[in-house]
Each structure stands twice: as structure tokens, then as C-alpha cells.
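**Student:** just a sequence and a predicted model for now, questions to come.
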Amino acid sequence: MHPTYTSDRPGTCPICNMNLVKKEITPEMPEAQQVDKHLRDICIMHNCHKIHDGKPCPMMVLAKEGEKVTCPICGTHVAGIPGGEKEKKILFWTDPMIPGYKADKPGKSPMGMDLVPVYEEETVAQSAQTPQGYAQIMLSPQKQQLIGIKTAAVEKKKLIKTVRTVGTIAHDPELYQAQTEYIQAIQAFERAQQSDIPEIADQSRRLVESTRIRLRHMGLNDDLISAIAAWKEAERSLLFTTPGEPVWVYAPVYEYELPLIQVGQEIMAEVPSLSNETFQGTIRAVDSMVDQATRTTRVRAQLKDPQGRLKPDMYVNVSVEVDLGETPAIPEGAVFDTGTKKIVFVDKGQGVFEPRDVTVGAKADGYYELKSGVQEGEIVVTSGNFLIDSESRLKAALEGMSEPGGGHQHGQ
């Protein structure tokens, strides 16, 4: 599986931990110029010429050179390098211990180690869906068990996202005053329309618009402001609570959760100081600005308080359940967040794992809302992702060393 690694004694490959197999030194190899023809151990990669679903066969097998084996995926007999077979073209020479090091002829590396050849057929084509810096890998059942790999299918689920925050029962004299001024401005405008002096009506209209803008700037939406216009007086619940009257609750919501919040949604408020008694309410307005320091936006809701138990400035735990509907969902444990992208590993069968770059939405009930990258019904890894990620990155790095023109070039 790793043709660059060789050893003069039996053992295991330090990269993939698979048993080494014998390799016979042929006269064309540089080793034959230094030692007699004998058997050595090597980790061999199988590059099948077959194409499956538009992709090269990903199967890797361990075999002795010249031995014929059966590929579990394509079912064809795969032969090693018999003596009469056409000699493989050497692309360049490299030192596996120095990433990116290349030379156009055999010799010693700057570290004093023998250079090893990289052949043309050792370049493995990757899927178009494979993220940059990753590669498909194959793990034996024993290694999968050792890592503790678990998988799950991508399927549609009904997801309900719960947005949680901490709010306070409103005590807002400033809003009470703004409501009062708006109501009085509307009443003055109605009287001014009966006047024969146009300037009075125009001045009253500008006053109404000014007080309306102030309410809008304080976070009230147009529907709520229009409702206030029909009131006779401002809400006293902004100053003190009255049994049987609804009370306002202000709750900050983080900006990344704002797309989930809509006017008219039902909320549940739990009051720790009242033995976690719960109160139901409705969202009436969402402020139009985000707080620069906390990156939150204030949500205003009204709670039903039949017995008048809620008091201004009381803390309440607010929760809003958002129905995301039935959507393709991927387990939370399947998504490996690198910091710059989100990666999942798809189990392609026969021990082959393919990395994919995915786009996810909201997280709910242990699942992510899946936007793109994986199809419904595909099997993804939910446990052991970290070790698979390391293996995939390592394989991609080794393949990158083998590509012509890749990395820094030395000794040419």
C-alpha cells in the first residue's frame, strides 16, 4: 500500500500497520546494483485499470510481486510485475523522509538515505468530490474494529430545534413614554385635520411620523406600532404588573439563531424563583439592530400572567421550539469540523472510506440539517472520525509527494 517504504527484515508497515510482503529485486532496480538478487519486504498498492461508477477502482491489496490475486471489488485477477511485463516508467526519485524532495536520477538524499523511485502508475486518481488535502483510504475489518468505527445512514427526519435564552420581565419606562407620545401625536393629528389652517395639520403629521420612527428604532415592528395607534393609553405593564394583564418579556437571541425566530411564534418561560413555574406567550416583535458587544438581538414577547405572579426585572428561562420540518439529516457525530470546513467520511463498502465536504444547517436533536455533500441513503462514519481524518490526510500528503511538479523540487 506504500511502495516508498522498504525494510530488510519482516515486520509491519509503519504507515498503515499492515504486514510487509516479500519483494524480489529485479535487475532494473537500483538496489540490484548494490546487492545480489534476493527477496525484500514491501507494502504494495494495487492500481486497478477498471473503472467503477466513473471512478478508478479504489481497492488496495497486499501481494507478492508476480503473484495473482482476486480484487474483491472488480473481481478481476490482479497480477504483480512478472519478468516479461513492460517496465514501468520512473517519474522521479524521492526521499520519503523529506516531503516534496525530487531528483531526476538515483543517488543519496541530503539526509544520506537511498532515493526510491516513484513510478507513473503509482499516481492514484481521486474522486471529484474529495476535498483538497484528503484522499480515499481503505481499512481492514480488524483495523476498523480497533479504531472503533461506527456508521449510520443519512435519512430524512423531522427535526425540532429549541432556541434557549435568558430573559427578564420588562420594566421599560422609556418605551412607555414613547408609546404615550405616539398616541397623543395621533390624537392631535386627528384634531388638526379638522382645522382650516394647513400648517397645523402638516405639523401634526410630522410629529406622528417622528414618534413612529422612534418606536421603530426601539425595536417595535410596523404591525405592533399600528396596533398601538388604536390604543387610548400606553401599556402600564411596562411599569408594573397587574393580575390578569399580559406582561412583556425581553430576551436576547444570538444573531446566528435569528433566522429561526419569527413574530407570532409561541414561547415558554420558566421562572426559577417561582419553583420553575412555566408561562406561555407569543413573540410580538424582534428588534431591528444587533448589539455590537454581545452580538444579540432583543426579542419582545408577551406572557399570560393570570395571577399576577410575575414582577418587573424577574429572570426567566425562555425557550422557543422551531419546527424545521422533515429534512435530510446527518448525525452530529459524523461531521468533523476542521475549523475551515466540515468533513464527513462516507463508507463506500469493502473497507473504503471517502472524505466529503458538506454544508449543514441548524443542529437539532443530535442531528444536523443537511444541505449538500452527501446523498440520502449513504452511510457515514459517526465514530472514529479523528483517526480516519489523520489517515486520509497522511495518504493525501504521500500522494502529493508522488505527483510531478508537486512541492519544492531539489536535486534537479
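**Tutor:** That came in fine, so what should we check first? Keep in mind it's a predicted model, so treat the numbers as computed, not measured. Numbers count the residues shown, from 1 in each chain.
**Student:** can we go C-alpha only for contacts and neighbour counts from here?
**Tutor:** Fine.
**Student:** shouldn't residue 222 be in contact with residue 214?
**Tutor:** No. With contact defined as C-alpha atoms under 8 Å, residue 222 does not reach residue 214; the gap is 11.8 Å.
**Student:** for the two, indicate the residue with more neighbours.
**Tutor:** Ranked by neighbour count (other C-alpha atoms under 10 Å), residue 222 and residue 214 place residue 214 first, with 17 against 14.
**Student:** so who does the closest residue to that one other than its chain neighbours touch?
**Tutor:** Nearest residue to residue 214 in three dimensions, chain neighbours excluded: residue 178, at 7.3 Å (C-alpha to C-alpha, 6 or more residues apart in numbering). Counting by C-alpha atoms under 8 Å, 6 or more residues apart in numbering, residue 178 touches 211, 214-215.
**Student:** how about residue 385?
**Tutor:** With contacts defined as C-alpha under 8 Å, 6+ apart, residue 385 is in contact with 149, 334, 336, 344-345.
**Student:** test for you: state the pLDDT assigned to it.
**Tutor:** On pLDDT, residue 385 comes in at 87.
**Student:** okay, now residue 249: neighbour count?
**Tutor:** Neighbour count of residue 249, defined by other C-alpha under 10 Å: 28.
**Student:** just confirm residue 346 contacts residue 357, I think it does.
**Tutor:** No. Between residue 346 and residue 357 there is no contact under C-alpha under 8 Å: 10.5 Å.
**Student:** who has more neighbours out of the two?
**Tutor:** Set residue 346 next to residue 357 and count neighbours by other C-alpha under 10 Å: residue 346 wins out with 22 against 18.
**Student:** the more buried one should be in a strand, yeah?
**Tutor:** Yes. In this structure, residue 346 lies within a strand as judged by DSSP: H, G, I helix; E, B strand; the rest coil.
**Student:** okay, and the closest residue to it other than its chain neighbours sits in which element?
**Tutor:** Nearest non-adjacent residue to residue 346, counting by C-alpha to C-alpha, 6+ apart: residue 380, 4.4 Å away. Element membership for residue 380 (DSSP states H and E) is strand 379-383.
**Student:** same check on residue 300?
**Tutor:** strand 296-303.
**Student:** any chance you could map the helices in this protein?
**Tutor:** Here the chain has its helices, by DSSP state H, at 141-147, 173-192, 198-217, 222-228, 385-402.
**Student:** possible to save these as CSV with distance to residue 271?
**Tutor:** Output for the helices of the chain, formatted as CSV (distance: least, C-alpha to C-alpha, whole Å):
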stretch, distance to residue 271
helix 141-147, 46
helix 173-192, 23
helix 198-217, 29
helix 222-228, 26
helix 385-402, 41
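**Student:** just to revisit the earlier point, in TSV: the contacts of residue 178, plus distance to residue 21 and pLDDT.
**Tutor:** Listed next are these as TSV, based on distance: C-alpha to C-alpha, whole Å; pLDDT from 0 to 100:
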residue	distance to residue 21	pLDDT
211	85	95
214	80	93
215	79	93
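**Student:** check those residues against residue 130 and report the nearest one.
**Tutor:** Residue 130 has its nearest neighbour among the contacts of residue 178 in residue 215, at 52.3 Å by C-alpha to C-alpha.
**Student:** that closest one: what's it in contact with?
**Tutor:** So residue 215 contacts 175, 178-179, 225 (C-alpha under 8 Å, 6+ apart).
**Student:** and it, how far from residue 229?
**Tutor:** 11 Å (C-alpha to C-alpha, to the nearest Å).
**Student:** leaving out the residues flanking it, which one is nearest to residue 236?
**Tutor:** That would be residue 176: by C-alpha to C-alpha, 6+ apart, it lies 7.3 Å from residue 236.
**Student:** neighbours around the one you found, how many?
**Tutor:** Look at residue 176: counted by other C-alpha under 10 Å, it has 17 neighbours.
**Student:** distance of it from residue 182?
**Tutor:** On the measure of C-alpha to C-alpha, residue 176 and residue 182 end up 10 Å apart.
**Student:** same check on residue 275?
**Tutor:** Distance of residue 275 to residue 182, computed by C-alpha to C-alpha: 39 Å.
**Student:** same deal with residue 239?
**Tutor:** Applying C-alpha to C-alpha, the value for residue 239 to residue 182 is 17 Å.
**Student:** between these two, tell me which one has more neighbours.
**Tutor:** Taking residue 239 and residue 182 together and counting by other C-alpha under 10 Å, residue 182 has the greater number of neighbours (25 against 17).
**Student:** surely the more buried one meets residue 231?
**Tutor:** No. Using C-alpha under 8 Å, residue 182 is not in contact with residue 231; the gap is 10.0 Å.
**Student:** returning to what we had before: other SSEs contacting the strand holding residue 300?
**Tutor:** strand 247-254, strand 277-286 (3 or more C-alpha pairs under 8 Å, 6 or more residues apart in numbering; DSSP states H and E).
**Student:** what lines up beside that strand in the sheet?
**Tutor:** Within its sheet, and counting by DSSP bridges, strand 296-303 is paired with strand 247-254 (antiparallel), strand 277-286 (antiparallel).
**Student:** in a markdown table: these, plus distance to residue 266.
**Tutor:** As requested, those are exported to a markdown table (distance: least, C-alpha to C-alpha, whole Å):
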| stretch | distance to residue 266 |
| --- | --- |
| strand 247-254 | 13 |
| strand 277-286 | 5 |
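**Student:** most packed of those strands?
**Tutor:** strand 247-254 (a mean of 24; mean count of other C-alpha atoms under 10 Å).
**Student:** pull the CA atoms of that one into CSV?
**Tutor:** Provided in CSV are the C-alpha atoms of strand 247-254 (Å, rounded to 0.1, in the frame of the first residue of the first chain):
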residue,chain,number,x,y,z
VAL,A,247,-46.6,41.2,30.7
TRP,A,248,-43.7,41.8,28.4
VAL,A,249,-40.5,39.7,28.5
TYR,A,250,-37.3,40.8,26.8
ALA,A,251,-34.9,38.0,25.7
PRO,A,252,-31.6,38.4,23.7
VAL,A,253,-31.1,35.9,20.9
TYR,A,254,-27.7,35.4,19.2
